[in-house]
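Okay, sequence plus prediction incoming.
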Amino acid sequence: METFEKIYTDNYEAMFRVARKMVYDVDVVADIVQEVFIYFFDKVNSGDVVRYPKSWLYRATYNKCIDYWRDKKRFVALDLLDSCEIEEYNTDHSEMKAVLNKAIDKLKPQEKFLIVLYSEGLSYKEIAEVTEMKFSSVGKTLSRLLKKIEQKLIYQYDELYN
Amino acid sequence: MNCITNESIQRFIDCETNLDESVLIKNHLSKCEQCASRVEAQQKLADDIKLALSEHQENYIEIPKINIPHQINRRRPVLKMRMIYALSAACLLSFFVLTFPNKGDFDQDEITMLESFDDDFDANLPVDQQKMMIHVVDPTGKVTEFHVK
Ligand SMILES: [Zn+2]
């Protein structure tokens, strides 16, 4: 079994990147990742065996991000949130990326998580392990999600220019 | 050959097809312009998505020192304290056993020492801080009393 320190240093950046893609606020991201590792430490310390630490950490990161969204929704109306984020995109980033990010944000949380894992370069086998989805259905799900994003893009462009 | 499915295209652009599948797909793409452009479009969309999601990424992520709750070390002091309690209990017990042996059965050929605690025995104090009485019985039967603090 690897030591906790090694698992921490080996996986911190990956978890940070994923949390950053799920949640935009950097400070929140750092807190989420820290919490995930403390949670992991407690689990291992209490004698639980985590067979695939990396997959476990991805899942825990996702769950923490969902918790954060849930809390945030209690205080901020979602429409307001969306418009704030788009303004931010428009000042710093190209329109294509902004529109694409908006389309990705419109996906269901677990769908967005799948796309985030995909963007991280995880293999289908790894994606299946993290999301506990059947390996044979990863390709189909991804192609379906890409089509869904494409549809949302078309819809957004229509809204913008027609 | 029929045109390829979106799923096959997806697995193809993600290099998740096996060798046979790859050969079939490549053969088809060389003959079917429509599918070739589908592959191209799907590849572009996938690349754009990856790029868009990486927009907010820091170039360098600093790994902070993690503040682990001191659970690793928390157990040892507890153990140590338990051992101290157990040892003091054992000492006390042995003292009591030694203090009240079967009286009246003294061998009067030698000097016998009997130690016992004072009346105001304080259970909260460690053994070495207890007031103690020692009765020394010499062969003539004379008893001398010492107080030890
Ligand atoms: Zn075709």
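Sure, I can see it. Numbers count the residues shown, from 1 in each chain, chains lettered A, B, ... in the order given.

Let me see the contact set for the residue lying closest to residue A:152 once chain neighbours are set aside.
Nearest residue to residue A:152, sequence neighbours excluded (Cβ to Cβ, 6 or more residues apart in numbering or on different chains): residue A:103, at 3.9 Å. The C-beta positions use only the backbone N, C-alpha and C, and glycine is treated the same way. The neighbourhood of residue A:103, defined by Cβ atoms under 8 Å, 6 or more residues apart in numbering or on different chains, consists of A:149, A:152-153, A:156.

Please report the distance of residue A:103 from residue B:53.
Distance of residue A:103 to residue B:53, given as Cβ to Cβ, to the nearest Å: 11 Å.

coming back round to it: and of the contacts of residue A:103, the nearest to chain B?
residue A:149 (6.5 Å; Cβ to the nearest Cβ).

Isn't that closest one up against residue B:42?
No - contact criterion Cβ atoms under 8 Å: residue A:149 and residue B:42 do not qualify, at 11.1 Å.

continuing past the lowest-mean-pLDDT helix or strand in chain A, what's the next helix or strand?
For chain A, the helix or strand with the lowest mean confidence is helix A:78-92, at a mean of 47 (criterion: mean pLDDT, DSSP states H and E). Later in the chain than helix A:78-92, the nearest helix or strand by DSSP states H and E is helix A:95-105.

burial measure for residue 9, as a count.
Using chain A here. By other Cβ atoms under 10 Å in any protein chain shown, 12 other residues sit near residue A:9.

hm, I was asking about chain B
With other Cβ under 10 Å as criterion, residue B:9 counts 24.

now the residue lying farthest from the centre of chain B: how far from chain A?
Distance to the chain centre peaks in chain B at residue B:31, reaching 62.9 Å (criterion: Cα atoms, centre = their mean). Note on residue B:31: its distance to chain A, by Cβ to the nearest Cβ, to the nearest Å, is 22 Å.

Could you look up the SS state of whatever residue of chain A ends up closest to the ion?
Closest to the ion within chain A is residue A:143: 15.4 Å, counting by Cβ to the ion. Three-state assignment for residue A:143 (DSSP: H, G, I helix; E, B strand; the rest coil): helix.

for residue B:45, what are its contacts?
A:146, A:149-150.

That one: which element?
Using DSSP H and E, residue B:45 falls in helix B:33-53.

what's the average pLDDT for that helix?
Average pLDDT, helix B:33-53: 95.

Please apply the same query to stretch A:68-75.
On average, stretch A:68-75 scores 76.

What is the nearest of the contacts of residue A:103 to residue A:97?
Among those, residue A:153 lies closest to residue A:97 (Cβ to Cβ), at 11.6 Å.

can you pull the contacts of the closest one?
Counted by Cβ under 8 Å, 6+ apart, residue A:153 has contacts A:99-100, A:103.
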